[in-house]
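take a look and give me a structure for this.
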Amino acid sequence: MQPQNPNQFDFIINPQQPQRRSVKGFGGGMVKRIVVVGGGLVLLLIIFVVVKGLLTPTTNLPSIANLVARQQELIFITSQQNNTRDLSIETQSAVITTNLALQSEQKALLSYLSSQGFKVGPKDIGAYSTVSTTAKLKQAKEVSTYEPTLKEILQSRLDAYQTALAQTYDKTTGTIGRELLKNTYASSILLNKQLAKR
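From the prediction side, this is the model:
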């Protein structure tokens, strides 16, 4: 009896090549490689975007610099009132408190901007002109309406400042920046309340 396979050792001499498995529906190698490489690139892009978002939170730095300019305007107005005797004790106290609080908050915002690599120059800080305000206060002093005029000006500027704070807070995503703006906003509410007292 002769075996059906003439050479018993054919499996050693001519081993069977393993069959290539292909992804169902894709057939051969080139299409499969393109799909794998494309999928890998998309995955890398997603990972890059997520990591970048975590490491560099976006902050609305120009708006924060604008807040510094608004603070400077209020600091200027309140610093001009320290030696006047035309104010009640309550208003003098509110003016001095506003001045000191804003100076402190301005230093904190400038420090934050500096830590973020954002430079604020003297022109940026002095963006809001106080010429018309100074003239208005001078005229009010001449007609004996100085205190109500000063309070009206400060309250309108504080209201604008609070609005700018809220808008900047909404656009800021960094935790440190948001916390700083939140505290500054809370302080501005207290300053406005103190100024509104009769």
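
am I right that Ser63 is in contact with Tyr169?
No. Counting by Cβ atoms under 8 Å, Ser63 does not reach Tyr169; the two are 9.4 Å apart. No exception for glycine: its C-beta is placed from N, CA and C like everyone else's.

which one's more surrounded, those two?
Tyr169 (20 against 17; other Cβ atoms under 10 Å).

nearest spatial neighbour of that one, chain-adjacent residues omitted?
Leu181 (4.4 Å; Cβ to Cβ, 6 or more residues apart in numbering).

report pLDDT for that neighbour.
Looking at Leu181, its pLDDT stands at 94.

how far away is it from Thr175?
In this view, Leu181 and Thr175 are 11 Å apart by Cβ to Cβ, to the nearest Å.

also Val68?
Distance from Val68 to Thr175, by Cβ to Cβ: 20 Å.

list the contacts for Ser187?
For Ser187, the contacting residues are Ala101, Glu105, by Cβ atoms under 8 Å, 6 or more residues apart in numbering.

nope, Lys119 is what I was after
Taking Cβ under 8 Å, 6+ apart, one finds Leu113 in contact with Lys119.

show me the shaky parts of the chain.
Applying pLDDT under 70 to the chain flags the ranges 1-7, 9-12, 14-15, 17-28, 52-59, 81-84, 198.

helix or strand for the residue nearest to Leu87 when sequence neighbours are not counted, which one?
Spatially, and ignoring its direct neighbours in sequence, Leu87 is nearest to Glu147 (5.4 Å; Cβ to Cβ, 6+ apart). In this assignment (DSSP states H and E), Glu147 forms part of helix 146-171.

buried residues of that helix, list them for me.
146-147, 149-151, 153-154, 157-158, 161-162, 164-165, 168-169 (16 or more other Cβ atoms under 10 Å).

how far off centre is it?
Relative to the mean C-alpha coordinate of its chain, helix 146-171 is positioned 20 Å out (Cα atoms, centre = their mean, to the nearest Å).

who are the packing partners of it?
helix 61-79, helix 89-115, helix 131-142, helix 175-196 (3 or more Cβ pairs under 8 Å, 6 or more residues apart in numbering; DSSP states H and E).

run a quick neighbour tally on the nearest residue to Thr130 once chain neighbours are set aside.
Distances taken as Cβ to Cβ, 6+ apart place Phe76 nearest to Thr130, at 5.0 Å, with adjacent residues excluded. By the criterion of other Cβ under 10 Å, Phe76 has 17 neighbours.

many thanks, I have nothing further to ask.
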